[in-house]
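Engineer: sequence-free structure coming up:
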Ligand code: HEM
């Protein structure tokens with residue numbers, strides 16, 4: 001049994017770890033703007049990093065493990081906090097502020113579920129290679145280019161990235177609040193700005209490669 005503040009801290013720290021991950025992943029994806037080779041070399045280095053101290057894909061698996069732990073912590077703390085909030089909320093508990101707060105937490109809930117579904121689809125597509133969009137399964141760069149030549153796939157990614165933008169925008173603000181960085185008017189302004197900036201940078205950065213491919217800038 002964890003205290004609510006402990007759970008909020010768990011959610012904030014695991015969430016900030018995801019912020020680091022998405023920024024890192026977005027940066028890696030942008031290498032496709034340089035060339036197919038730059039992207040493929042990057043994908044290859046992710047697997048050979050720290051060899052021979054670690055085996056092939058050793059670092060990648062350690063990193064994947066940290067992501068799985070962060071996801072477990074994030075989902076566990078979210079579910080526990082929500083079930084506590086539901087129990088605490090009486091039948092007649094209907095003040096405006098609580099309704100507004102629960103609206104944004106509802107968005108976080110459904111947005112979070114949508115993101116998990118997207119990540120499962122995404123892993124099936126690019127990591128497990130179970131879903132093969134666009135035909136030929138060649139190098140990582142070729143797979144990405146062939147896939148995003150399909151407008152319907154780009155649409156799925158645009159929708160997922162909008163969900164990510166909303167989740168990041170509110171999540172960064174909530175994490176700042178939990179960490180005590182919203183106590184003054186000035187710090188609230190910065191926390192708000194951080195949420196907007198991180199979500200905008202991530203989403204624009206992720207959208208550049210699929211849109212560049214769709215419109216033929218990258219072939
Ligand atoms: C346009 C946007 C995106 C593109 C083009 C893209 C592309 C890729 C590619 C090519 C891989 C396979 C990497 C490899 O095995 O070398 C991958 C893996 C992955 N992506 Fe994305 N991605 C995008 C957005 C996202 C987003 C928004 C998330 C999370 C919210 C995400 C989460 C992941 C995860 C968890 C992996 C697995 C990493 C691993 O192998 O352990 N991706 N992505």
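Structural biologist: On my side now, so go ahead. Here the structure is a predicted model, which is why all the values come from computation and not from measurement.

Engineer: looking at it, residue 144 is touching residue 213, isn't it?
Structural biologist: Yes - Residue 144 is within contact range of residue 213, at 7.3 Å (criterion: Cβ atoms under 8 Å). From N, CA and C alone the C-beta is placed, and that goes for glycine too.

Engineer: So which bits of this structure are right by the ligand?
Structural biologist: 22, 25, 29, 43, 46, 64, 115, 119, 122-123, 126-127, 140, 144, 157, 164, 206, 209-210 (Cβ under 6 Å from any ligand atom).

Engineer: In helices only, show me those.
Structural biologist: 22, 25, 29, 43, 46, 64, 115, 119, 122, 140, 144, 157, 164, 206, 209-210 (DSSP state H).

Engineer: which of the residues you listed has the most neighbours?
Structural biologist: residue 210 (25 neighbours; other Cβ atoms under 10 Å).

Engineer: pLDDT at that one, what is it?
Structural biologist: pLDDT, residue 210: 98.

Engineer: Leaving aside the residues adjacent along the chain, what's closest to it?
Structural biologist: Excluding its sequence neighbours, the residue lying closest to residue 210 (Cβ to Cβ, 6 or more residues apart in numbering) is residue 148, at 4.2 Å.

Engineer: and the one you found, what is it in contact with?
Structural biologist: 134, 154, 157, 209, 210, 213, 214 (Cβ atoms under 8 Å, 6 or more residues apart in numbering).

Engineer: What are the buried residues along the helix or strand containing residue 170?
Structural biologist: Using DSSP states H and E, residue 170 falls within helix 151-178. Using 16 or more other Cβ atoms under 10 Å as the test for burial, helix 151-178 gives 153-154, 156-157, 160-161, 163-178.

Engineer: what's it packed up against?
Structural biologist: helix 4-29, helix 96-122, helix 185-214 (3 or more Cβ pairs under 8 Å, 6 or more residues apart in numbering; DSSP states H and E).

Engineer: chain center to that helix: distance?
Structural biologist: 7 Å (Cα atoms, centre = their mean, to the nearest Å).

Engineer: I'd like to know the average pLDDT value across that helix.
Structural biologist: Per-residue scores along helix 151-178 average to 96.

Engineer: quick one: it to helix 96-122, angle?
Structural biologist: Compare the direction of helix 151-178 with that of helix 96-122 by axes from the mean of the first three to the mean of the last three Cα atoms, to 10 degrees and you get 130 degrees.

Engineer: Tell me how far the nearest residue to residue 157 once chain neighbours are set aside lies from residue 167.
Structural biologist: Nearest non-adjacent residue to residue 157, counting by Cβ to Cβ, 6+ apart: residue 210, 5.4 Å away. Applying Cβ to Cβ, to the nearest Å, the value for residue 210 to residue 167 is 19 Å.

Engineer: In contact with residue 146, which residues?
Structural biologist: 133, 134, 135, 136, 138.

Engineer: Going by distance to residue 193, which of those wins?
Structural biologist: Ranked by distance to residue 193 (Cβ to Cβ), the contacts of residue 146 are led by residue 133 at 36.8 Å.

Engineer: Can you report how many residues lie near the closest one?
Structural biologist: Residues contacting residue 133 under the criterion other Cβ under 10 Å number 16.

Engineer: now swap in residue 205 and tell me
Structural biologist: Neighbours around residue 205, by other Cβ under 10 Å: 17.
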